[in-house]
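# Sequence isn't available, so here's the structure alone:
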């Protein structure tokens with residue numbers, strides 16, 4: 001009886017020990033979670049006590065600036081294509097690229113006779129792409145319509161975006177070119193005139 005009783009009591013001890021281990025693990029798991037939450041709440045308390053001017057434990061204080069609206073709004077996006085182009089390079093409209101590539105293809109017989117001239121494999125693909133996306137048949141007329149925009153500070157790259165997409169409204173232009181954000185009042189009327197003329201030049205599809 002004593003031995004059986006001893007064995008009977010030893011089993012609850014191991015069971016209790018197992019519970020202690022599992023509870024210890026759960027406590028440790030909860031402790032990590034509570035530490036994160038406590039530190040987060042501590043940061044909020046420090047910020048509230050100091051009126052949002054106190055530093056966080058990390059010493060950053062950036063969260064306080066965002067909460068108080070102290071950070072500056074990001075600058076408007078700018079079209080940087082022209083800045084990335086090589087020197088003496090120029091932005092082209094799709095219709096201009098089509099015209100140039102088509103002219104090269106028409107001279108292919110003469111060019112192929114010169115062994116020093118080798119056309120890249122991508123030439124045909126580039127020409128086909130330009131033909132598929134080009135919206136106008138007369139690039140010179142499109143340029144004449146867009147040129148007055150230069151007087152209002154519009155760059156060649158921005159004019160190419162307008163020509164290649166041919167927006168229907170001025171609102172679409174402003175959505176496509178965030179760099180126009182600070183010039184909306186000045187550009188609204190000139191853009192209306194330009195879009196009206198581009199619609200007339202646009203080839204039927």
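Structure received. No experiment lies behind these values; they were computed from the predicted model shown. Numbering: from 1, shown residues only.
# Please enumerate the helices of the protein.
Ranges of helices within the chain are 2-49, 62-67, 81-84, 94-106, 108-112, 122-133, 139-146, 156-165, 170-176, 184-201, based on DSSP state H.
# got any ranges where the chain has weak pLDDT?
By pLDDT under 70, the low-scoring segments of the chain are 1-83, 204-205.
# The closest residue to residue 141 other than its chain neighbours: what's it in contact with?
Closest residue in space to residue 141, ignoring its immediate chain neighbours: residue 201 at 5.6 Å, by C-beta to C-beta, 6 or more residues apart in numbering. (Glycine included, C-beta is placed from N, CA and C.) Counting by C-beta atoms under 8 Å, 6 or more residues apart in numbering, residue 201 touches 136, 138, 141, 142, 145.
# wait, residue 158 sits on residue 177?
Yes: between residue 158 and residue 177 there is a contact at 5.7 Å, judged by C-beta atoms under 8 Å.
# hang on, the earlier thing: neighbour-wise, which of the contacts of residue 201 leads?
For the contacts of residue 201, the largest number of neighbours (other C-beta atoms under 10 Å) sits with residue 142, at 25 neighbours.
# Show me the beta-bridge partners of the residue nearest to that residue when sequence neighbours are not counted.
Nearest non-adjacent residue to residue 142, counting by C-beta to C-beta, 6+ apart: residue 136, 5.0 Å away. Residue 136 forms beta bridges with residue 202, as assigned by DSSP bridges.
# Residue 136 against residue 146, yeah?
No: counting by C-beta under 8 Å, residue 136 does not reach residue 146; the two are 11.0 Å apart.
# what's the overlap in contacts for these two?
With C-beta under 8 Å, 6+ apart as the test, residue 136 and residue 146 both reach residue 163.
# what sits against the nearest residue to residue 184 once chain neighbours are set aside?
Excluding its sequence neighbours, the residue lying closest to residue 184 (C-beta to C-beta, 6+ apart) is residue 174, at 6.2 Å. Residue 174 makes contacts with 180, 181, 184, as judged by C-beta under 8 Å, 6+ apart.
# ditto for residue 162
146, 149, 173, 176, 177, 191, 194, 195, 198.
# From residue 195, how far out is it?
8 Å (C-beta to C-beta, to the nearest Å).
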